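Student: sequence first, predicted model second:
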Amino acid sequence: MKKNPVSRRSFVKISTASLAALSMPELVSAQPEAPQQQRTERQPADPIVAQPGNADAFTRYFFDSLMLESRYLDSDIPSTKLELFGETFDTPIMTAALSHLRVPNGDGLVIYAQAAKACNAVHWFGMGEDKDLEDIIATGARTIKVIKPHADNAEIFRRIKHAVNAGCFALGMDIDHSFDFKGNYDTVLGLPMKAKSTAEIKSFVKASGSKPFIVKGVLSVSDAKKCLQAGCAGIVISHHGGHLKYSIPPLMVIEDIVDAVGGKMKIFVDCGITSGFDAYKCMALGADAVSVGRHLMPLLQNGADAVANRIKAMTSELAGVMTATGVHNLGEFDPSVIHRVI
Ligand SMILES: Cc1cc2nc3c(=O)[nH]c(=O)nc-3n(C[C@H](O)[C@H](O)[C@H](O)COP(=O)(O)O)c2cc1C
């Protein structure tokens, strides 16, 4: 992988206050920007100044700071087919692990799954009851069930067994929901959570048998290596929508994670993806596939076709960027296409 990952490449323009906040010495030498009031409407608000600690805002800012060089020669119409765990999908743009989706026109969780099925995309499902999972799987969507880090491991093993028997495509755990960020273990809808050790994750991998087990909520090389050690089939680089204030954008750490575990496990990314361009940037920097959550949620009230059409449109946009950068299929991404400009 590159010696100069995007996370460490210098900004061309960023406020000196922001640079100090980033604690990146190589950035401090950049030119100070014009005062805030002189910004034009086209300039994105600097979230470090405007919204300190807002991981979602900085994630958006970071996506937009990455620009693409073009590579037209020898390019052609690309394939966006995704090969994952022995199955083929039409797009690397997946749904995200959501839960409790209430919409006036029916069960939002089922509509979301129908959408994934309609565009032959991988579907993810988060917290919910056994019956919810069964209803989702009945849509035919190839579903990855994400189990919460319940304090009671017996409940986790029970849920793993249910997910396997129900016909899940894969399963996993969102490890970033263990704490309440006030120094305690979290409680989610009355259910107590607890942090898990690498050994416990290993036992969940074992209990999943032949089904791939994926840890969601990885935002460090350290956790990524432990997941590999535990035998996980993949990880989701994610800050769970800014769950922890000051979380780094997933793309700031992806290249280091790829260097550490790439090729040995699947690497997925979520948080703030709203276009085929965002998806492209994730994949160019090493993701195998990406998930989209909140961007799709408002479309649920318009039905599964509306959600599916948005996933298809994002996939077309991704394909469009692939044509302009000489990428013929999902195995050909090259991180050197990406340049960090702000
Ligand atoms: C309504 C809602 C429910 C969610 N429920 C879960 C969940 O049960 N399990 C989980 O791992 N993540 C859950 N998430 C987090 C998402 O999977 C995802 O990490 C996060 O929303 C960031 O992606 P996005 O910016 O595309 O929405 C939920 C997010 C939302 C908005």
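Tutor: Arrived safely.

Student: confirm residue 216 sits in a strand?
Tutor: Yes: assessed with DSSP: H, G, I helix; E, B strand; the rest coil, residue 216 lies in a strand.

Student: which residues does the closest residue to it other than its chain neighbours bridge with?
Tutor: In space, and not counting its chain neighbours, residue 216 is closest to residue 236: 3.9 Å by CB to CB, 6 or more residues apart in numbering. Just so you know, the C-beta spots here come from the backbone N, C-alpha and C atoms, and that holds for glycine as well. Beta-bridge partners of residue 236, counted by DSSP bridges, are residue 216, residue 268.

Student: so residue 236 makes contact with residue 270?
Tutor: Yes: checked against CB atoms under 8 Å, the pair residue 236 and residue 270 is within contact range at 6.0 Å.

Student: the more surrounded of those two?
Tutor: Counted by other CB atoms under 10 Å, residue 236 and residue 270 do not tie: residue 236 has more neighbours, with 32 against 27.

Student: contacting residues for that one?
Tutor: 172, 214, 215, 216, 217, 218, 268, 269, 270, 291 (CB atoms under 8 Å, 6 or more residues apart in numbering).

Student: tell me the pLDDT at the last one?
Tutor: So that's residue 291. Listed pLDDT for residue 291 reads 99.

Student: from the contacts of residue 236, which single one is nearest the ligand?
Tutor: The closest of these to the ligand turns out to be residue 270 (CB to the nearest ligand atom; 4.2 Å).

Student: the nearest residue to the closest one once chain neighbours are set aside: which element?
Tutor: Of all residues not flanking residue 270 in the chain, residue 291 sits nearest, at 3.9 Å (CB to CB, 6+ apart). Using DSSP states H and E, residue 291 falls within strand 289-292.

Student: how about residue 251?
Tutor: Here residue 251 is assigned to helix 250-261, by DSSP H and E.

Student: so how far is that helix off the chain centroid?
Tutor: 13 Å (CA atoms, centre = their mean, to the nearest Å).

Student: can you check stretch 82-100 too?
Tutor: Using CA atoms, centre = their mean, the offset of stretch 82-100 from its chain centre is 11 Å.

Student: now the end-to-end length of that stretch.
Tutor: Terminal residues of stretch 82-100 lie 28 Å apart, using CA to CA, to the nearest Å.

Student: same thing with stretch 84-104?
Tutor: End-to-end distance of stretch 84-104 (CA to CA): 34 Å.

Student: buried sites along that stretch?
Tutor: Neighbour counts over stretch 84-104 (16 or more other CB atoms under 10 Å) mark 84-85, 89, 91-98, 101, 103 as buried.

Student: and stretch 67-81, by the same measure?
Tutor: 78, 80.

Student: average pLDDT across that stretch?
Tutor: 98.

Student: hey, C-alpha coordinates of that stretch in CSV?
Tutor: The C-alpha trace of stretch 67-81 is given here as CSV (Å, rounded to 0.1, in the frame of the first residue of the first chain):
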residue,chain,number,x,y,z
MET,A,67,-10.5,14.4,-5.1
LEU,A,68,-9.9,12.1,-8.0
GLU,A,69,-7.4,12.1,-10.9
SER,A,70,-8.7,10.7,-14.2
ARG,A,71,-7.4,7.7,-16.2
TYR,A,72,-9.3,7.4,-19.4
LEU,A,73,-6.8,5.5,-21.5
ASP,A,74,-7.5,1.7,-21.6
SER,A,75,-10.7,2.3,-19.6
ASP,A,76,-14.0,0.6,-20.5
ILE,A,77,-17.5,0.0,-19.2
PRO,A,78,-16.9,-1.6,-15.7
SER,A,79,-18.5,-4.4,-13.8
THR,A,80,-19.8,-3.6,-10.3
LYS,A,81,-20.4,-7.2,-9.4
